[in-house]
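Trainee: Provided below are the primary sequence and the corresponding predicted coordinates.
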Amino acid sequence: MKKRVLAMFLATMMLLSLVGCGKQEEPAVPAAEPEPIEEPEPVIEPEPEPEEPSGPAGTNPLTGLPMEPEQENDRPVAVMFNNLKAAQPQLGISQADIIYEVPAEGGITRMLGVFQSLEGVGTLGSIRSSRPYYLELALGHDALYVHAGGSPEAYKDIPAWGVDNMDGVNGGSDAKIFWRDAERKKTMDYEHTLVTSGEKIQEYVDGHFRTEHEDGYTYTQAFAEDGTPVNGTAAEHIKLVYSAYKTGLFDYDAASGKYLVSQYGGPYTDGSTGEQVSATNVLLLETAISIIPGDKAGRLTVKLTGEGKGTYFCGGKSVPIQWSKADRSSQFVYRLEDGTPLTLGQGNSYVCIISPKTSTVTIT
């Protein structure tokens with residue numbers, strides 16, 4: 001009996017052991033490790049190359065614009081331009097840094113174009129005769145003066161005032177730098193055909209005159225990138241009636257930032273370049289102008305030494321100014337009404353010298 005019970009016990013234990021083995025858990029599968037993320041290589045920016053200068057390092061003293069440093073101290077060249085209607089178009093006038101327009105006898109005007117550099121300047125003309133007040137304008141820039149003849153007073157003043165000049169009529173330099181333009185001779189009177197060129201003038205100047213300003217010579221005029229007068233009055237159109245013969249128009253062109261010039265009923269065009277004459281700065285200077293007593297040709301005297309009133313135009317606006325010129329060899333000095341020096345816009349200038357008694361100005 002006891003043996004039978006023991007046998008049953010052992011059988012039961014074996015059965016339980018087999019059942020336990022059938023329920024064993026399978027080993028857990030480990031989770032896959034994430035792929036390592038590769039860090040990008042750091043980008044090393046190259047050192048920036050030093051910027052090359054965008055233009056010449058010097059400054060044109062007549063315009064405030066860049067120019068070659070070796071040209072800054074050169075004496076400019078002042079050229080007399082014929083402005084009779086029958087002599088149009090003028091040649092090379094649009095390349096002048098400053099244009100002075102002044103009345104002459106009989107209600108006509110003439111231009112004095114002042115060039116700091118003649119590099120790239122082609123034919124210039126037609127060239128006309130001198131008057132004392134044009135000599136004063138040239139002397140104010142210590143300029144070399146180009147003309148063709150002159151009034152008796154001018155011929156007296158040229159040596160007395162020490163004007164370095166090239167004369168296309170009586171100067172001895174006529175055969176070297178002046179000639180009669182063949183095309184103009186076909187359509188114009190002989191007096192309107194005398195021309196010269198930047199290259200011919202420069203060739204002659206280099207061997208005959210002092211070509212640089214003397215030590216200590218400086219220009220006082222300041223320039224800014226934008227010369228538009230602060231609190232200026234709107235002035236997009238200027239009509240200047242010099243006389244019954246000559247009216248000048250100046251129309252502001254916002255695209256170029258310049259005043260486009262017209263005369264004789266149409267654009268004032270340069271026959272050498274085909275461009276309409278334009279100016280960043282326009283200045284109207286009022287002074288005393290009168291006929292020389294006893295002069296049968298009606299020649300004028302123009303007061304340039306001293307001071308007077310004027311108007312400055314730039315950027316489509318205007319402001320009253322005061323001008324002064326200490327003596328015949330001094331520069332013009334421009335000031336606002338409160339005495340502050342006038343700052344011009346960088347670019348060329350067109351200076352109209354007028355008598356308020358004989359000229360009228362309309363500004364709109």
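Mentor: It's in.
Trainee: Identify the bridge partners of residue 99.
Mentor: residue 113, residue 350 (DSSP bridges).
Trainee: so what pLDDT did it get?
Mentor: Looking at residue 99, its pLDDT stands at 99.
Trainee: From residue 302, how far out is it?
Mentor: Noted for residue 99: a distance of 16 Å to residue 302, by C-beta to C-beta, to the nearest Å. Just so you know, the C-beta spots here come from the backbone N, C-alpha and C atoms, and that holds for glycine as well.
Trainee: Kindly report the same for residue 218.
Mentor: From residue 218 to residue 302 the distance is 26 Å (C-beta to C-beta).
Trainee: More neighbours: which of the two?
Mentor: residue 302 (20 against 8; other C-beta atoms under 10 Å).
Trainee: residues contacting that one?
Mentor: Residue 302 makes contact with 102, 103, 131, 133, 287, 288, 289, 353 under the criterion C-beta atoms under 8 Å, 6 or more residues apart in numbering.
Trainee: ok, 6 Å please
Mentor: Residue 302 makes contact with 133, 289, according to C-beta atoms under 6 Å, 6 or more residues apart in numbering.
Trainee: so what's it bridging to?
Mentor: With DSSP bridges as the rule, residue 302 is bridged to residue 289.
Trainee: what's the pLDDT at it?
Mentor: 98.
Trainee: quick one: buried residues of stretch 334-344?
Mentor: Under the neighbour-count criterion of 16 or more other C-beta atoms under 10 Å, stretch 334-344 has 334, 336, 342, 343, 344 buried.
Trainee: and residue 294, how many neighbours?
Mentor: So residue 294, with other C-beta under 10 Å, has 5 neighbours.
Trainee: what sits against it?
Mentor: For residue 294, the contact set (C-beta under 6 Å, 6+ apart) is empty.
Trainee: Between the buried residues of stretch 334-344, which sits nearest residue 155?
Mentor: Relative to residue 155, the closest of these is residue 334; by C-beta to C-beta it sits at 31.2 Å.
Trainee: show me what contacts the residue nearest to the closest one when sequence neighbours are not counted?
Mentor: Closest residue in space to residue 334, ignoring its immediate chain neighbours: residue 342 at 3.9 Å, by C-beta to C-beta, 6 or more residues apart in numbering. Applying C-beta under 6 Å, 6+ apart, one finds that residue 342 lies in contact with 321, 334, 335, 336.
Trainee: how about a cut-off of 8 Å?
Mentor: Here residue 342 is in contact with 312, 321, 334, 335, 336 (criterion: C-beta under 8 Å, 6+ apart).
Trainee: next one: residue 272
Mentor: Residues in contact with residue 272 (C-beta under 8 Å, 6+ apart) are 91, 92, 94, 95, 122, 123, 124.
Trainee: per-residue confidence at the nearest residue to it once chain neighbours are set aside?
Mentor: Of all residues not flanking residue 272 in the chain, residue 91 sits nearest, at 4.4 Å (C-beta to C-beta, 6+ apart). In this prediction, residue 91 carries a pLDDT score of 98.
Trainee: Make JSON lines out of the contacts of residue 342 and add distance to residue 213 and pLDDT.
Mentor: Output for those, formatted as JSON lines (distance: C-beta to C-beta, whole Å; pLDDT from 0 to 100):
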{"residue": "312", "distance to residue 213": "26", "pLDDT": "98"}
{"residue": "321", "distance to residue 213": "26", "pLDDT": "98"}
{"residue": "334", "distance to residue 213": "21", "pLDDT": "98"}
{"residue": "335", "distance to residue 213": "24", "pLDDT": "98"}
{"residue": "336", "distance to residue 213": "28", "pLDDT": "98"}
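Trainee: And those, which is closest to residue 214?
Mentor: Among these, residue 334 lies closest to residue 214 (C-beta to C-beta), at 23.9 Å.
Trainee: On the strand side of things, show who that closest one bridges to.
Mentor: residue 323.
Trainee: I'd like to know how far it sits from residue 212.
Mentor: Counting by C-beta to C-beta, the separation of residue 334 from residue 212 is 25 Å.
Trainee: Give me the pLDDT for residue 60.
Mentor: Per-residue pLDDT puts residue 60 at 98.
Trainee: How about residue 56?
Mentor: For residue 56, the predicted pLDDT is 87.
Trainee: Could you tell me the end-to-end distance of stretch 226-234?
Mentor: 16 Å (C-alpha to C-alpha, to the nearest Å).
Trainee: one step back: format the contacts of residue 342 as TSV; extra columns: distance to residue 196.
Mentor: Converted to TSV, the contacts of residue 342 look like this (distance: C-beta to C-beta, whole Å):
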residue	distance to residue 196
312	32
321	34
334	31
335	36
336	38
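Trainee: Identify the farthest-apart pair in the residues you listed.
Mentor: Farthest apart among the contacts of residue 342 by C-beta to C-beta are 312 and 335. That separation is 10.1 Å.
Trainee: Need the overlap of contacts for these two.
Mentor: Common contacts of residue 312 and residue 335 (C-beta under 8 Å, 6+ apart): 321, 342.
Trainee: wait, doesn't residue 104 sit right on residue 110?
Mentor: Yes: between residue 104 and residue 110 there is a contact under C-beta atoms under 8 Å: 5.1 Å.
Trainee: hey, what's in contact with both of those two?
Mentor: Residues touching both residue 104 and residue 110 by C-beta under 8 Å, 6+ apart: residue 131.
Trainee: what residues are up against residue 283?
Mentor: So residue 283 contacts 310, 311, 312, 313, 321, 323, 334, 349, 350, 351, 352 (C-beta under 8 Å, 6+ apart).
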